[in-house]
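Q: Return atomic coordinates for the entry below.
(chains A and B)
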Amino acid sequence: MRELTVDVAIIGGGPAGLAAALEVAHRGRSCAILERNTELGGILQQCIHDGFGLLRFGESVSGCTYAQRFIDQLEASRAEGARIEVLLDTMVLELTADRDVWATNPTDGMVHVQAGTVILAMGCRERTAAQVLLHGERPQGVITAGAAQRYINVEGYLPGTRAVILGSGDIGLIMARRMTLEGIEVEGVYEIMDHPGGLARNVVQCLDDYGIPLHLSHMVSRVHGKHRLEGVTVAARGADGSPVAGTERYVPCDLLVLAVGLIPENELSKQAGVELDPVTRGPVLDDTFMTSVPGIFASGNVSIVFDLVDYVSESGELAARGACDWLDAERPEEPAHLTVNASGNVGAHVPQRIQAGDTVRDVRFFCRVKQPAARVELRCTAEGEVLARERLVAVAPASMLSLTAQVPAGVSPTIEIVEV
Amino acid sequence: MGYGYVLSQDEQDERPWQRIRAQRLDAAQREELTARVLACVAERFPDVAAGISASCDFRGVVTLSGQCASYQQLCDLAHAVAKVAGVRNVVSDMTAADVEIPKRDYSAWIEAGEKAGLLAECDVVVVGLGIVGAAICRELSRTDLHVIAVEAAEDVATGASKANNGGVHHAGGVTPGTLKAEMSVLGNRMWDQLADELGFSFDRCGDLLYVEDPEDIDELADEFKTAVRNGDWRPRLIDGEQCLEIEPALAKYGHKPVMGLWMPSQGRVNTYEVVVALAENAAANGVRVLLGTPVCRVETERVEGTGDGEENSRRITGVLTSRGLIRCRYVVNAAGAYSDEISAMAGDRLFTIHPRRGTIAIIDKAKPPMYRHLTGHMNPEKKQGRDPNSKGGGMEFTPDRNILIGPSALEVPDKQETRTTNEELGFIMAINENPDVSERDIIRLFAGSRPADFSEDFQVGMSEVTRGLVQAGAIQSPGVGSSPAIACMVAGIIREDAAREGCPVGENPAFNPHRDRPVHLRELSHEERDALIAERPEYGRIVCRCEGITEGEILDVLRAPVVPQSIDAIKRRCRAGMGRCQGGFCQPRVLEILARELGCDPTDVCLHGPGSEILRCDSRAGDGEVNGNA
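A: Numbering: from 1, shown residues only, chains lettered A, B, ... in the order given. Now for the predicted structure:
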């Protein structure tokens, strides 16, 4: 049994957790990263494609490189005396509202961390075949895009020879290109929505450039094959969600890759009694990235599924600042909160509320739109006054929008999309 | 309130299943029965009757041939014939105009088996390792009989035992006088001891049926009478207030029971967990388990002086499997969906399996069951549209308290087909009574087939045609709960027969009824966990995040007496990959461990049966040899 006492316990050593740890160290506080994998970096380690770091580093690097830059910084700051404890192969089993963390690993057995604050950075997981209710038998050959990515990029095996991709989330698009390069024939990408689930740049670079068709408003209506996948039936999707008669088409394939969305992994958050937002499926956060449980903060994809890792890192830093401020204030009373309103086309957003406070503060907002739109303005308003605005040529649900506004004390801000 | 119910002497003596199985018909009686069968067909199915012919054997087993308009009509017709007085069972050689009924092709296995020659010799071959076969193996392992169990699939519990909702049923829903009713009641009482000895989860949760409309009380009382007649353990009719005492949450959901039927005998298990436990204990006590070994022929010899198909005209000498011949004196037919084919291979055409598919949805653990007990509202509307031959289907849960919804019931011609459809999903979601649960909460939708025959009763007993063939087939709901009793019955039949043959069965002096419950780290305290990891560090490495399963637990199941051969086999034994991500994260890790422990290449690891290799080829190998590429 290992006992640890730290200022900040960070659950998860992916991009959010790494950025949070560096920021905590920068503030001179101690922290421990509890990472279930045998290395830091999280899912970035299997992302060998580029496109990471444009905002943060001003250049496009691979996921592994992006992660390595943070890991290198972390090692450097540890060498300079920063108190960052890294526990690998360590899975957190329990989290209490009193910030008691129980974890397990092969060397320490049980690990008990008593933390001044906790930053949740567990990331997200993929939706599975059950959640898209694929009908048919349950043969081998139906896997999530992330699992396919791991088999191909990390393990070095090909899980099929001819693939159909269901869902046009970014990982699916990336995998369409990746599989093509590895010699797996990608028959097409089928998306139930009438717009792509992933970023426009990925549609262009991963599908168009390789001649892979994207079928919008389409579904897989049946899976064929008993032991091994033999094919799928695809069809246009009717308004009621069922296949349109006469549009069914049989596509032979031995691999069906699912890229049907991500869900924040909040099992630990629920244990600690953290209130969740049904829209983001992450914790309800305030402008310091604190959850409804005082002293427990959240960052990265566990709070809202981001599109770019650069934002994930930023959210880690925001949560770390929040946590350190909270410690500096010597565990203040739970603050009063004001709701952040979202109107019109604004869907998932964080923070969902802000601390009432008594001073003007910079608040960083992240949000997604519900429907694609062109020539709009993203605004933060309060009591009829526009606090911040940004003109956007086009917006789509796949892209995260961000905005910083100076919010006066005691007012409830509104995030809105206005056509201009 | 006068809801006491006393059995009449007639009711207590009623064992029609024994009476019909004892009947023997002479030529004239057979002709008469055939005529009555054809008259029934002519009256009920005039559109196809002209094309249907029937014959009848000395036991009153009717064989039907000809063409029906549809598969559903075929089932209806055979069911109708099975209900004609004096008909013991129905064998169908009929075809359906709307669909081809697939036939299993045994030729490749026969060829391989003949080539392999003699594989083994023993006293008893148990065919099939579902819950029935595994329970029989475990029961036979108490004796000094040399037993070999053969299973066609790559693991135990891959047929109906994999895809049911694990009910150890009360006897309120079973027709009195059937073997089903008798086995169900006897079996039900054996589960506490079995769970205790074998270390599997068993939740005797009880079942509360209630009515809100006083007009439905009669129906509730009928079920009560059925339970009493069957000898169920302490069923009780209770008033509305008592219902609320037993299940206070009823009020929370706005239900106002006026009367209830409380049946405390109802229990729940994970069927596959039980099968693994039974098979492992049997193996530990000396039963040899051969997985991936389909039976393709049953070897018999003619008994001199008898005519073909007559009583005791054949005797068992062995079985041919794909891996060679096994010589034996007894064959126990616990082959589930294929039990009719095994029986026919042995020269006894006693029944036909018509698979009845059921679809079940598993709900995320984050949505707990509404009630502590199985609790259901009984009203006539709910029964509409249900298959009269299948039990319930409803809001149930596993011993781990995952909600299960279903199963549906649909006659399908293909024994292998266990696909899910949108229609059946719709049926399931219509059953759902939990306001917090929607389609979004489903973590797994699956289907299985009930191996039903047209008499809709269990077929357990010594074959009247082929001596040494012990039937344990057509076991459908409530087969899980009944299986321990069926096992005892089968063991009793073999003991009795062996004694009559002059070679009485002795006991196995080394028999150990106990199997240690596997270590489940999630059930331990922090201190216990810490101590265990200090001893074995692999208990500290979590492989399956959703269910919290460690590498140590996976290694434990890989070192058990019946070694799992596939990713799904590991999932069934220790829940790795059973959670909400359905193996998305842990499958690559489990695959790696499995390959390492079995000493095979990762590209050889299967999800379930042969041909389900997860990886097609090593992308860095260069030669690019593709796995099983057709």
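Q: contacting residues around the residue nearest to B:Arg302 when sequence neighbours are not counted?
A: Excluding the flanking residues, the one nearest B:Arg302 by CB to CB, 6 or more residues apart in numbering or on different chains is B:Arg314, at 6.1 Å. Where you see a C-beta, it was placed from the backbone N, CA and C, and this is true even at glycine. Contacts for B:Arg314 (CB atoms under 8 Å, 6 or more residues apart in numbering or on different chains) come out as B:300-303, B:346-347, B:465-467.
Q: Can you select the buried ones from those in ChimeraX?
A: Buried residues within the contacts of B:Arg314, by 16 or more other CB atoms under 10 Å in any protein chain shown, are selected in ChimeraX with:
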select /B:300,346,347,465,466,467
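Q: Which of the contacts of B:Arg314 sits closest to A:Asn105?
A: Using CB to CB, B:Ala346 is the member of the contacts of B:Arg314 that sits closest to A:Asn105, with 56.0 Å.
Q: I'd like to know the beta-bridge partner residues of B:Ala96.
A: B:Cys68, B:Val99 (DSSP bridges).
Q: That one: what's it in contact with?
A: Taking CB under 8 Å, 6+ apart as the criterion, B:Ala96 is in contact with B:67-71, B:73-74, B:413.
Q: pLDDT weak spots in chain A?
A: A:331 (pLDDT under 70).
Q: residue furthest from the geometric center of it?
A: In chain A, the residue that sits farthest from the middle, by CA atoms, centre = their mean, is A:Gly246; the gap is 37.8 Å.
Q: hmm, back to that, can I get the contacts of B:Arg314 in JSON lines with distance to A:Ala20, pLDDT and secondary structure?
A: As requested, these are exported to JSON lines (distance: CB to CB, whole Å; pLDDT from 0 to 100; DSSP: H, G, I helix; E, B strand; the rest coil):
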{"residue": "B:Thr300", "distance to A:Ala20": "73", "pLDDT": "98", "secondary structure": "strand"}
{"residue": "B:Glu301", "distance to A:Ala20": "78", "pLDDT": "97", "secondary structure": "strand"}
{"residue": "B:Arg302", "distance to A:Ala20": "81", "pLDDT": "95", "secondary structure": "strand"}
{"residue": "B:Val303", "distance to A:Ala20": "81", "pLDDT": "95", "secondary structure": "coil"}
{"residue": "B:Ala346", "distance to A:Ala20": "69", "pLDDT": "98", "secondary structure": "coil"}
{"residue": "B:Gly347", "distance to A:Ala20": "74", "pLDDT": "97", "secondary structure": "coil"}
{"residue": "B:Val465", "distance to A:Ala20": "75", "pLDDT": "97", "secondary structure": "coil"}
{"residue": "B:Thr466", "distance to A:Ala20": "73", "pLDDT": "98", "secondary structure": "strand"}
{"residue": "B:Arg467", "distance to A:Ala20": "75", "pLDDT": "97", "secondary structure": "strand"}
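Q: could you dump the contacts of B:Arg314 to a markdown table with distance to B:Pro602?
A: What follows is the contacts of B:Arg314, written out as a markdown table (distance: CB to CB, whole Å):
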| residue | distance to B:Pro602 |
| --- | --- |
| B:Thr300 | 44 |
| B:Glu301 | 47 |
| B:Arg302 | 51 |
| B:Val303 | 53 |
| B:Ala346 | 41 |
| B:Gly347 | 45 |
| B:Val465 | 49 |
| B:Thr466 | 46 |
| B:Arg467 | 49 |
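Q: Please see if stretch B:105-125 touches chain A.
A: No: Stretch B:105-125 is not in contact with chain A by CB under 8 Å from any CB of the partner chain; minimum separation 14.4 Å.
Q: Can you tell me which of the contacts of B:Arg314 lies closest to B:Val289?
A: B:Ala346 (21.6 Å).
Q: excluding its backbone neighbours, what's nearest that closest one?
A: B:Ala346 sits nearest to B:Val298 (CB to CB, 6+ apart), 4.0 Å away.
Q: For burial, what's the neighbour tally of A:Asp77?
A: Careful, residue A:77 is Ser; it's not Asp. If you count neighbours by other CB atoms under 10 Å in any protein chain shown, A:Ser77 ends up with 16.
Q: Touching, it and A:Ile84? I think so.
A: Yes: here A:Ser77 lies in contact with A:Ile84, judged by CB atoms under 8 Å, at a distance of 6.9 Å.
Q: so what's in contact with the two at the same time?
A: Joint contacts of A:Ser77 and A:Ile84 (CB under 8 Å, 6+ apart) are A:Ala25.
Q: Drop anything exposed from the contacts of B:Ala96.
A: The buried subset of these - by 16+ other CB under 10 Å - is B:68, B:71, B:73-74, B:413.
Q: Wasn't B:Val91 part of a helix?
A: No: under DSSP: H, G, I helix; E, B strand; the rest coil, B:Val91 sits outside any helix and is assigned strand.
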